[in-house]
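Chemist: Show me the folded form of this:
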Amino acid sequence: LKPNPMHWLWGAGMFATSLGPDDACFVAGANWVKNSGLMCVWGSPCAVQKEIIEASKVDECAYGIVGRLIWHFVHHTPVHLFGGGPRWGY
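Modeler: Numbering: from 1, shown residues only. Predicted coordinates for the structure are as follows:
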């Protein structure tokens, strides 16, 4: 048996950090390399993004249709733009 080469899942390098109700930052594409990733959203829009993530996750856990659709796509997207894995599916 030969192990498959390792890669990061497409969402593994995404981080949303809240610094308060009106300030936050979202980093995408981070990996094991220091200072990797790109801060693509910051400030109030990122705080709103975090609220949407939280509300949709709560809705999914309550078996709501909007939350289930959002998180189904998040976990089953067929396109992987970064992380070192295959571009289409697994």
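Chemist: Okay, buried residues for the longest helix along the chain please.
Modeler: Criterion DSSP state H: the longest helix present in the chain is helix 44-61. Neighbour counts over helix 44-61 (16 or more other C-beta atoms under 10 Å) mark Cys46, Ala47, Lys50, Ser56, Asp59, Glu60 as buried. C-betas here are computed from N, CA, C, even on glycine.
Chemist: Between those residues, which sits nearest Val79?
Modeler: Ser56 (20.1 Å; C-beta to C-beta).
Chemist: which ones are touching the closest one?
Modeler: Listed by C-beta atoms under 8 Å, 6 or more residues apart in numbering, the contact set of Ser56 reads Val66, Gly67, Ile70, Trp71.
Chemist: Let's see that with 10 Å instead.
Modeler: Counting by C-beta atoms under 10 Å, 6 or more residues apart in numbering, Ser56 makes contact with Gly64, Val66, Gly67, Arg68, Leu69, Ile70, Trp71, Val74.
Chemist: picking that back up, what is the mean pLDDT for the longest helix of the chain?
Modeler: Mean per-residue pLDDT for helix 44-61: 90.
Chemist: Centre of the chain to the helix or strand just after it, how far?
Modeler: Downstream of helix 44-61, the next assigned helix or strand under DSSP states H and E is helix 65-76. Mean-position distance between helix 65-76 and its chain equals 12 Å (C-alpha atoms, centre = their mean, to the nearest Å).
Chemist: buried stuff in helix 65-76?
Modeler: Gly67, Ile70, Trp71.
Chemist: Closest to Trp32 out of the contacts of Ser56?
Modeler: Out of those, the member with the shortest distance to Trp32 (by C-beta to C-beta) is Val74, at 22.5 Å.
Chemist: Now do the longest helix of the chain and helix 65-76, the angle between them.
Modeler: 100 degrees (axes from the mean of the first three to the mean of the last three C-alpha atoms, to 10 degrees).
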